[in-house]
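1. Output the structure for:
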Amino acid sequence: MYEADDETIIIDADVGSLYPNLAITNGFYPEHLGQDFVEVYKGIIDLRMQAKKAGNMVLSDGFKLAANSVYGKSNDVNSFLYDPKFTMSITLNGQLLLSLLAETLVDTISNLTVLQVNTDGITVKLKKSDEALYYQLCKDWEVKTKLNLEYVNYSKMIIADVNNYIAVSTKGKIKNKGRFEVDKVVGSEPAYHKDNSFRIIPLALQEYFVNNTPVETTILNHTNIYDFCGRQKFREGDHSEIHYLNGEQIIREKQQKNVRYYISNKGAVFIKHYKKGTTELINKGYTVTIFNTYVAKPIAQYNIDYNFYVTECYKEINLIIDKQLTLFDYEQF
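-> Predicted coordinates for the structure are as follows:
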C-alpha cells in the first residue's frame, strides 16, 4: 500500500499505443508485406487519435483494438500478418526501452521507489522536490525513443502484483485491475462477455482500501443478488452436476453449459466432470444454489453464505498486509 503525502508524489507514466508506435517509429513490418505496411499502420493510429480528440470513444476504441490486434496476429500462424521476427522486434525493444527508463530514473533520482513496471509503463514514488527532474528525464527518454508518455498522478495505490491492483488518482478516479476489477470493460464500454463472477468481492475490497469500510459492512448490507453470483462455463465434452440429499437419497442433476450460482448455507455440492473422466469440486468446501432463473425475494431469503465472500476478501487483504509487513521487516535489517 502506497500513499502520496505532503512531501511525496506517485506518478504513473504509460507509453501511448506502445506496440503500434514501436513498429511505426522504428520501421518494423512483416517482411512479406513490405515497407508500405508502416504507412498503412500509421494511418490507423492517426484515425484513432482524431476520433479520441473529437470525443468519439467508440470509434477510438475500435481503432485501438484494430491497431493492437496487429501485434497479436503477427504471432498467429494462420494470419496474413504472421512474422515472428516482427513480433519479437516489438516485444524485445519494448522491454528494453522501458528498462532503460526505469534504470535512468533509479540511477539519477535518489530515494525514488519503483512501484511497478508493466508492459507499457512505469509507476514510481518520489519526493515533490524531484518532480521537475523526473519529467526532464522522461522527456529525454521520449526524444531518444520517439515515443510519447502519458501521465497520471495517484494519491494511493494498493498492489498485489503488476496485474492486480487498485489505484486512486489525485482527481478521485479509481482504476481497478485484475482481481480488483469491479466492472469489466473493454476500452470505455462494458464487457458483457467477460466473467463478472462474485462482483461483491472486488466491490468490498475497493470500499475497504479506498474508504476504510470493513468488508463485512459492504457484504452484509448489499442487496443485489446478482453480485453474489458466480459463473461457470463448460467446454464441449465437459459437464457439471450438483449433488444433494433428499432424505437419505443422493440426487444428481446434470447442469447446462453455462451455469449461474451463488454460495449458500444450504444447497448442493457443485462438481465438474471432465471429458477425460476426472472430476473436480467447484468452490470446494462450500455448497451452492443454482440461479440460472432469477427468483425475486428479499435478500435474507436467498440464504447466502456470507462467510465465503468475507473469507475471499481477507485472502486478498492478508496478501497485501503480509507483503507490507515483510517489507518493513526487511528494511529493519
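2. who touches residue 214 in this structure?
-> Taking CB atoms under 8 Å, 6 or more residues apart in numbering as the contact definition, residue 214 lies against residue 208. No exception for glycine: its C-beta is placed from N, CA and C like everyone else's.
3. Read off the pLDDT value for it.
-> Residue 214 is assigned 97 on the pLDDT scale.
4. where's it relative to residue 281, distance?
-> Look at residue 214 and residue 281: by CB to CB, to the nearest Å, they are 30 Å apart.
5. okay, now the domains of this protein?
-> Per the record's domain assignment (automatic domain parsing), the chain is made up of the domains 2-194, 206-312.
6. What is the end-to-end distance of the first one?
-> Meaning domain 2-194. For domain 2-194, the first-to-last residue distance is 29 Å (CA to CA, to the nearest Å).
7. Repeat that for the last one.
-> Domain 206-312 has an end-to-end distance of 13 Å (criterion: CA to CA).
8. Quick check: neighbours of the lengthiest strand in the chain in the sheet, parallel or antiparallel?
-> Of all the segments assigned as strand in the chain under DSSP state E, the longest by residue count is strand 149-161. Using DSSP bridges, strand 149-161 pairs in its sheet with strand 2-3 (antiparallel), strand 8-15 (antiparallel), strand 164-169 (antiparallel).
9. As a markdown table, these with mean neighbour count and distance to residue 192 would be great.
-> As requested, the strands paired with strand 149-161 are exported to a markdown table (neighbours: other CB atoms under 10 Å; distance: least, CB to CB, whole Å):
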| stretch | mean neighbour count | distance to residue 192 |
| --- | --- | --- |
| strand 2-3 | 16 | 33 |
| strand 8-15 | 20 | 26 |
| strand 164-169 | 21 | 22 |
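10. Throw the ones you listed into TSV and include mean pLDDT, thanks.
-> Compiled in TSV, the strands paired with strand 149-161 are given as follows (pLDDT from 0 to 100):
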stretch	mean pLDDT
strand 2-3	96
strand 8-15	97
strand 164-169	96
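11. Let me have those in CSV, extended by distance to residue 92.
-> Conversion of these to CSV gives the following (distance: least, CB to CB, whole Å):
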stretch, distance to residue 92
strand 2-3, 30
strand 8-15, 15
strand 164-169, 25
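12. residues contacting residue 309?
-> Taking CB under 8 Å, 6+ apart as the criterion, residue 309 is in contact with 198, 200, 201, 204, 219, 228, 263.
13. now residue 115
-> Applying CB under 8 Å, 6+ apart to residue 115 gives the contacts 2, 10, 123, 124, 125, 157, 159.
14. Would you check that the first one makes contact with residue 125?
-> Which is residue 2. Yes: assessed by CB atoms under 8 Å, residue 2 is found in contact with residue 125 at 5.8 Å.
15. How about the backbone phi and psi for residue 215?
-> In this entry, residue 215 is assigned phi and psi values of phi -60, psi -30 (degrees, to the nearest 10).
16. quick one: low-confidence parts of the stretch 51-200 of the chain?
-> Scanning the stretch 51-200 of the chain for pLDDT under 70 picks out 186-189.
17. Helix, strand or coil: sort out residue 193 for me.
-> Of the three states, residue 193 takes coil under DSSP: H, G, I helix; E, B strand; the rest coil.
18. Figure out which of the domains of the chain is closest to residue 322.
-> Comparing those by their distance to residue 322 (CB to CB), the top pick is domain 2-194, with 10.7 Å.
19. re the thing from before, can you put the domains of the chain in TSV and add distance to residue 318?
-> As requested, these are arranged in TSV below (distance: least, CB to CB, whole Å):
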stretch	distance to residue 318
domain 2-194	11
domain 206-312	10
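20. Indicate which one of the ones you listed is closest to residue 320.
-> Nearest to residue 320 among the domains of the chain is domain 2-194 (6.1 Å), distances taken as CB to CB.
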